[in-house]
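Participant: Quick one, what's the 3D model for this:
(chains A and B)
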Amino acid sequence: MAAAVTGIAMRTGAARFEANTATRDPVWVKGLVLFLGLGFFALFLLLPLIAVFVEAFRRGWSVYLAALIEPDAVSAIKLTLLAAAIAVPLNLLFGIAAAWAITKFDFRGKQMLITFIDLPFSVSPVIAGLIYVLVFGAQGWLGPWLGEHDIRIIFAVPGIVLATVFVTFPFVARELIPLMQAQGRDEEEAALVLGASGWQMFRKVTLPNIKWALLYGVILCNARAMGEFGAVSVVSGHIRGLTNTMPLHVEILYNEYQFAAAFAVASLLAALALVTLAIKAYVEWKAAPSTPPGEAP
Amino acid sequence: MATVRAHRVLPGFGLSLGFTLAYMSLIVLIPLSAVFILTSTMSVEAFLGAVASPRVIASYRLTFGASLLAAVINVVFGLLLAWALVRYRFPGKRLVDALVDLPFALPTAVAGIALTALYAKNGWLGQYLESIGIKVAFTPLGVLVALVFIGLPFVVRTVQPVLEDLDTEIEEAAASLGAGRWQTVRRVVLPTLLPALLTGFALAFARAVGEYGSVIFIAGNLPMVSEITPLIIITKLEQYDYVGATAVASVMLVASFILLLLINGLQSWTDRRAGKGA
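Facilitator: So this is what the prediction gives:
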């Protein structure tokens, strides 16, 4: 058996299974699994994606461009970029701090902290918006005080930013924690022993070790920040030109039966999703080149 | 684990943990606690009136029922897709592998209008389904379609790595002991994948229960028929019924917390099965 295995171990990926009589499926099974699996994929994932672009260009380039340079669309694009530009760096900072504390030190309640970090993922986006209404809304905890000082958070830009921060909260932290846990503390400790300052250690040892996971977390965080709908919808108030993000603008256009314009703005968001997936695939390929499949311990 | 180290070598413990706790409290914990604090001020009758009215009960039935069914569908087809991606060679595989994550990356509102364009009465698929008497858009079936869309990657991405790490030797042993291919898959491979399948199922279910954006366009939102619970919260908010909205939200939050605990348990079971446990 050892001889048979060495020959197979050289092959990578699926070829390894297809060359081995014990793990090879009959041709008709392979055909059936591919037909059902890929058919499902095409019907539920590929077709909606294609539909976005086809519907966007249905009435031609001029209608498409007009929908994107219209003032309300431009202000929605600006607000979406602003919300992401605030939420992503904040959660990046949080992700690094949380991962540093959790993976480099021992303390009580660590497991609970990790569970709490995941909370925003298991909360409905609608509830994510609701909680800020309860805190900052006119009838909320801070409502009267905010009213006196003429500060608007709900139905204004700060509320949109807060809701975006909430829904993208765990992304960076949860990419970093498992990786830094696996990497341990030795390299940082060695750097300190050799005389590096805390900042030097972080910049020259930690950062290079985590850069791909960091980038991975940031692009996923950014995609969600720009695409969030439910949470932002609750706190936005849907004021055209002022508190509409791109997904909310899509909704308004769609509900006004301006389908071509709705899909035109939606196609920008779909393009963003495709770019995100492309970077993600690149990062995955870049981050794991060293262990060929089949030889992992 | 419980004992704190006498001296810490690495710097930044106080700063990083302090910032983490302060930021998490401000953004997540304190605002979330508002739901329960406001709910606790309600009388029992008012609470039940808000969370157990027939319209709200109908929305639970739809939300949890459709989420359950969608998660089951995702387990079946997610397993097939993960199997195809790990075990078979086929053209376009890398593209399929990358696009499986589309529901994570595509904004839910975009998914919602795209699915509606496909399944509406005169839509790409809807016109053919309509002619054989199947209505998808603006019915509970539409809700199901949207939930299947957003849940698929959860199953594929939890099963795929486990399938990749699966030692071929167990299958070789089964085959050499005379098991047929189907017997090997059913008695040896599938039991190993069970924790991952259940985790994927729970993740897809949990996501589906809270989903809003991809559903509301295709659902039609008819009260008692195709109205999901998150939309009930929004409707109550728009009627300035903050207390009622919060009461329904508290029910959903409790359901989410139970699911989160369940998922944590399942995930550690998956890791132990895969031999990665401590």
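Participant: Any regions of the stretch 151-278 of chain B where pLDDT drops low?
Facilitator: B:274-278 (pLDDT under 70).
Participant: thinking A:Val88 is in contact with A:Leu220, fair?
Facilitator: No: A:Val88 lies out of contact with A:Leu220 (C-beta atoms under 8 Å); the separation is 10.2 Å. The way it works is simple: take the backbone N, C-alpha and C, and place the C-beta from them, glycine included.
Participant: Spit out the contact partners of residue 187.
Facilitator: By default, I'm working from chain A. Shown in contact with A:Glu187 (C-beta atoms under 8 Å, 6 or more residues apart in numbering or on different chains): A:205-206, A:209.
Participant: My question was about chain B, not that one.
Facilitator: Taking C-beta under 8 Å, 6+ apart, one finds B:174, B:179 in contact with B:Arg187.
Participant: before we move on, what about B:Asn74?
Facilitator: Listed by C-beta under 8 Å, 6+ apart, the contact set of B:Asn74 reads B:148, B:151-152, B:154-155, B:200-201, B:204.
Participant: follow-up on the earlier one: in strands, which of the contacts of A:Glu187 appear?
Facilitator: Among the contacts of A:Glu187, DSSP state E puts none in strands.
Participant: quick one: the closest residue to chain B within the stretch 151-297 of chain A from B:Ile150, how far?
Facilitator: Across the stretch 151-297 of chain A, the shortest distance to chain B (C-beta to the nearest C-beta) belongs to A:Gly227, at 2.9 Å. The spacing between A:Gly227 and B:Ile150, counted by C-beta to C-beta, to the nearest Å, is 12 Å.
Participant: Looking at those two, which has the bigger crowd around it?
Facilitator: When A:Gly227 and B:Ile150 are compared for neighbours, A:Gly227 comes out ahead with 29 against 25, by other C-beta atoms under 10 Å in any protein chain shown.
Participant: show me what contacts the residue nearest in space to the middle of chain A?
Facilitator: Nearest to the geometric centre of chain A sits A:Leu220, at 2.3 Å (C-alpha atoms, centre = their mean). Contact analysis of A:Leu220 by C-beta under 8 Å, 6+ apart lists A:171, A:175, A:276, A:280, B:104-105.
Participant: neighbour-wise, which of the residues you listed leads?
Facilitator: Counting neighbours by other C-beta under 10 Å, the top entry in these is A:Phe171, with 27 neighbours.
Participant: Quick check, that residue in contact with A:Leu92.
Facilitator: No: using C-beta under 8 Å, A:Phe171 makes no contact with A:Leu92, being 9.0 Å away.
Participant: Common neighbours of the two, please.
Facilitator: Here A:Phe171 and A:Leu92 share the contacting residues A:217-218, A:221, scored by C-beta under 8 Å, 6+ apart.
Participant: Tabulate those residues (a markdown table), appending secondary structure.
Facilitator: Output for these, formatted as a markdown table (DSSP: H, G, I helix; E, B strand; the rest coil):
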| residue | secondary structure |
| --- | --- |
| A:Gly217 | helix |
| A:Val218 | helix |
| A:Cys221 | helix |
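Participant: ok, so of those residues, who is nearest A:His249?
Facilitator: Using C-beta to C-beta, the shortest approach to A:His249 within those belongs to A:Cys221, at 21.5 Å.
Participant: wouldn't the closest one be in contact with A:Val167 here?
Facilitator: No: judged on C-beta under 8 Å, A:Cys221 makes no contact with A:Val167 at a distance of 9.7 Å.
Participant: how far away is B:Tyr212 from A:Glu228?
Facilitator: According to C-beta to C-beta, B:Tyr212 and A:Glu228 sit 10 Å apart.
Participant: more crowded one of these two?
Facilitator: More crowded of B:Tyr212 and A:Glu228, by other C-beta under 10 Å: A:Glu228, with 30 against 26.
Participant: Quickly note the distance from the residue of the stretch 151-278 of chain B found nearest chain A to A:Ile96.
Facilitator: Across the stretch 151-278 of chain B, the shortest distance to chain A (C-beta to the nearest C-beta) belongs to B:Gly210, at 3.0 Å. Distance, B:Gly210 to A:Ile96, by C-beta to C-beta: 28 Å.
Participant: List the buried residues of the longest helix out of those in chain B.
Facilitator: Longest helix of chain B, by residue count under DSSP state H: helix B:54-87. Residues of helix B:54-87 classed as buried: B:56, B:58-60, B:62-64, B:66-71, B:73-75, B:77-87 (neighbour count, 16 or more other C-beta atoms under 10 Å in any protein chain shown).
Participant: Could you look up the next helix or strand downstream of it?
Facilitator: The helix or strand immediately downstream of helix B:54-87 is helix B:93-99, counting by DSSP states H and E.
Participant: What is the next helix or strand after that next one packed up against?
Facilitator: Next along the chain after helix B:93-99, taking DSSP H and E as the criterion, comes helix B:102-105. Contacts defined by 3 or more C-beta pairs under 8 Å, 6 or more residues apart in numbering or on different chains; DSSP states H and E place helix B:102-105 against helix A:207-227, helix A:259-287, helix B:140-165.
Participant: for the chain, what spans make up the strands?
Facilitator: Going with chain A. With DSSP E as the criterion, chain A has no strands.
Participant: Outline the domain layout of it.
Facilitator: Chain A resolves into domains spanning A:2-49, A:60-287 when parsed by automatic domain parsing.
Participant: Would you reformat those domains as JSON lines and include mean pLDDT?
Facilitator: Output for these, formatted as JSON lines (pLDDT from 0 to 100):
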{"stretch": "domain A:2-49", "mean pLDDT": "79"}
{"stretch": "domain A:60-287", "mean pLDDT": "94"}
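Participant: hey, which of those is tucked in deepest?
Facilitator: domain A:60-287 (a mean of 19; mean count of other C-beta atoms under 10 Å in any protein chain shown).
Participant: Endpoint to endpoint, that domain covers what distance?
Facilitator: End-to-end span of domain A:60-287 (C-alpha to C-alpha, to the nearest Å): 41 Å.
Participant: Also stretch A:52-69?
Facilitator: 19 Å.
Participant: Please see if that stretch touches chain B.
Facilitator: Yes: residues of stretch A:52-69 contacting chain B under C-beta under 8 Å from any C-beta of the partner chain: A:52, A:55.
Participant: which other residues reach that stretch?
Facilitator: Residues from elsewhere that reach stretch A:52-69, judged by C-beta under 8 Å, 6+ apart: A:73-74, A:253, A:258-261, A:263-268, A:270, B:110, B:113-114, B:117.
Participant: Could you measure from B:Ala105 over to A:Ile102?
Facilitator: Counting by C-beta to C-beta, the gap between B:Ala105 and A:Ile102 amounts to 27 Å.
Participant: Is it correct that the residue of the stretch 151-297 of chain A closest to chain B is in contact with B:Val110?
Facilitator: Yes: counting by C-beta under 8 Å, A:Gly227 does reach B:Val110; the two are 7.3 Å apart.
Participant: Show the contacting residues for the closest residue in space to A:Arg240 that isn't next to it in sequence.
Facilitator: Of all residues beyond its chain neighbours, the one nearest A:Arg240 is A:Asp72 (5.2 Å), with distances taken as C-beta to C-beta, 6 or more residues apart in numbering or on different chains. If a contact means C-beta under 8 Å, 6+ apart, then A:Asp72 has A:240-241, A:244, A:249 as its contacts.
Participant: still on that earlier bit, next, show the common contact partners of A:Gly227 and B:Val110.
Facilitator: Residues within reach of A:Gly227 and of B:Val110 at once, by C-beta under 8 Å, 6+ apart, are A:247, A:269, A:273.
Participant: Now the closest residue to A:Pro158 other than its chain neighbours: phi and psi?
Facilitator: Spatial nearest neighbour of A:Pro158, chain neighbours left out: A:Arg152 (7.5 Å); criterion: C-beta to C-beta, 6+ apart. Note on A:Arg152: its backbone torsions stand at phi -110, psi 130 [degrees, to the nearest 10].
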